[in-house]
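> I'd like to go over a predicted model; first the sequence, then the structure.
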Amino acid sequence: MPTITPFLWLDGRVGEAVDFYTSLFDDSAVIDSSPGPDGDVFLATFTLGGQEFMILNGGPHYSLTPAFSMFLSLESQEEVDRYWDALGEGGEPGPCGWLVDRFGVSWQVIPSVLGRLMGDPDPVRAGRVRDAMLAMSKIDVAGLQAAYDA
């Protein structure tokens, strides 16, 4: 059976990115890496939370966009805060739980309760949760719950 591995193209700082990501997530490690002519990592394979990734220092020819993002499903506000703060440092926050980190990778930092509340069979309750989420940058679990309970 074939394997599917997300492959990221960056313009520099690949070694720094790999070190940062593998330090942030449990069950993460660098599998291998190859240096480029400038001494920085040119190509690396690593795991985050057991998922394998590859990353290339490919230069300025291509750029990452939010059209592809890493989706983090988290169980608590504490986890949302931790990952939002770490990934957002030096990056740019966006709407609805999205941010772009300092390496240009887009992330969705989402508590699992969002899907449960938005999936409620009552369209009014689900709509209030959706509307609350649309007004947020970092997702606030208590705010979602308050919208659901209103």
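Nice, thanks for sending it over.
> quick one, strands of this structure?
With DSSP state E as the definition, the chain shows strands at residue ranges 7-10, 29-35, 41-48, 51-57, 69-74, 92-93, 98-100, 106-111.
> out of these, nearest to residue 21?
Ranking the strands of the chain by proximity to residue 21 (C-beta to C-beta) places strand 41-48 first, at 5.7 Å. For every residue, glycine as well, the C-beta is placed using N, CA and C.
> strand partners of that closest one, parallel vs antiparallel please.
strand 29-35 (antiparallel), strand 51-57 (antiparallel) (DSSP bridges).
> winner for burial among the ones you listed?
Here the criterion is mean neighbour count by mean count of other C-beta atoms under 10 Å, and of these the winner is strand 51-57, at a mean of 18.
> coming back round to it: mind putting the strands paired with strand 41-48 into TSV with mean pLDDT and distance to residue 149?
What follows is those, written out as TSV (pLDDT from 0 to 100; distance: least, C-beta to C-beta, whole Å):
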stretch	mean pLDDT	distance to residue 149
strand 29-35	97	42
strand 51-57	97	35
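> what's the residue closest to the geometric middle of this protein?
The residue lying closest to the centre of the chain (C-alpha atoms, centre = their mean) is residue 107, at 2.7 Å.
> tell me the contacts of that residue?
Contact criterion C-beta atoms under 8 Å, 6 or more residues apart in numbering gives 69, 70, 71, 72, 83, 87, 98, 99, 100, 101 as the residues in contact with residue 107.
> in JSON lines: the residues you listed, plus pLDDT and distance to residue 125.
As requested, the contacts of residue 107 are exported to JSON lines (pLDDT from 0 to 100; distance: C-beta to C-beta, whole Å):
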{"residue": "69", "pLDDT": "97", "distance to residue 125": "27"}
{"residue": "70", "pLDDT": "97", "distance to residue 125": "29"}
{"residue": "71", "pLDDT": "97", "distance to residue 125": "24"}
{"residue": "72", "pLDDT": "97", "distance to residue 125": "25"}
{"residue": "83", "pLDDT": "98", "distance to residue 125": "27"}
{"residue": "87", "pLDDT": "98", "distance to residue 125": "30"}
{"residue": "98", "pLDDT": "98", "distance to residue 125": "24"}
{"residue": "99", "pLDDT": "98", "distance to residue 125": "27"}
{"residue": "100", "pLDDT": "98", "distance to residue 125": "31"}
{"residue": "101", "pLDDT": "98", "distance to residue 125": "33"}
